[in-house]
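A.B. asks: here's a sequence, model it:
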Amino acid sequence: MFVTIAYALYLAIAIALTIWVARTLSRNGEVFLIDCFGHDEVLAKSTNHLLVVGFYLVNLGFILLALQIGREPETLPELIRFLSTKVGLAVVVLGGMHFFNMHAIARFGRKVSAWLREGDYYAPVPASRPG
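C.D. replies: Sure, this is the predicted structure:
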């Protein structure tokens, strides 16, 4: 009985945390991305969306793989330890992903900003419609 409750609680808490963090980072990170990409809102929004998708894939994959880690709880105190360990691990991974993304964006954003300031780029050519 404790095993089913533990897994259900773990999945509900970890997935809810992942969704909350992804939405928060997406909403607040868009302003940062717009600045990093020389105020190109289309590029910033597209990049933001791609980052959110990657964030979900990595974190949800980890949450699901972590189901097999640890001994299944048989008592209420073991259930609490089980949940705190698994949720704590998921939170550490969420934080790690956030810092990895911020580092990558900061590095890439500086390069894009310098590139845009230099003006040494070609504007995209709109696709022409056939006929």
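
A.B. asks: where does this structure dip in pLDDT?
C.D. replies: Flagging of the chain using pLDDT under 70 yields the residue ranges 109-131.

A.B. asks: the residue nearest the centre of the chain in helix, strand or coil?
C.D. replies: Nearest residue to the geometric centre of the chain (C-alpha atoms, centre = their mean): residue 55, 2.6 Å. Residue 55 carries the three-state label helix when classified by DSSP: H, G, I helix; E, B strand; the rest coil.

A.B. asks: which residues touch the residue lying closest to it once chain neighbours are set aside?
C.D. replies: Ranked by C-beta to C-beta, 6 or more residues apart in numbering and with sequence neighbours excluded, the top spatial neighbour of residue 55 is residue 22, at 5.2 Å. C-betas here are computed from N, CA, C, even on glycine. By C-beta atoms under 8 Å, 6 or more residues apart in numbering, the contact list for residue 22 reads 52, 55-56, 59.

A.B. asks: for these, which one is nearest residue 93?
C.D. replies: Of all the contacts of residue 22, residue 59 has the smallest distance to residue 93: 6.3 Å, by C-beta to C-beta.

A.B. asks: residue 83 sits in which helix or strand?
C.D. replies: Assigning secondary structure by DSSP states H and E places residue 83 in helix 76-118.

A.B. asks: could you say what helices and strands that helix packs with?
C.D. replies: The contact analysis (3 or more C-beta pairs under 8 Å, 6 or more residues apart in numbering; DSSP states H and E) places helix 76-118 against helix 2-36, helix 41-65.

A.B. asks: just the angle for that helix relative to helix 41-65, thanks.
C.D. replies: On the basis of axes from the mean of the first three to the mean of the last three C-alpha atoms, to 10 degrees, helix 76-118 is oriented at 160 degrees to helix 41-65.

A.B. asks: quick one: the residue nearest to residue 55 from residue 6, how far?
C.D. replies: Separation of residue 22 from residue 6 (C-beta to C-beta, to the nearest Å): 24 Å.
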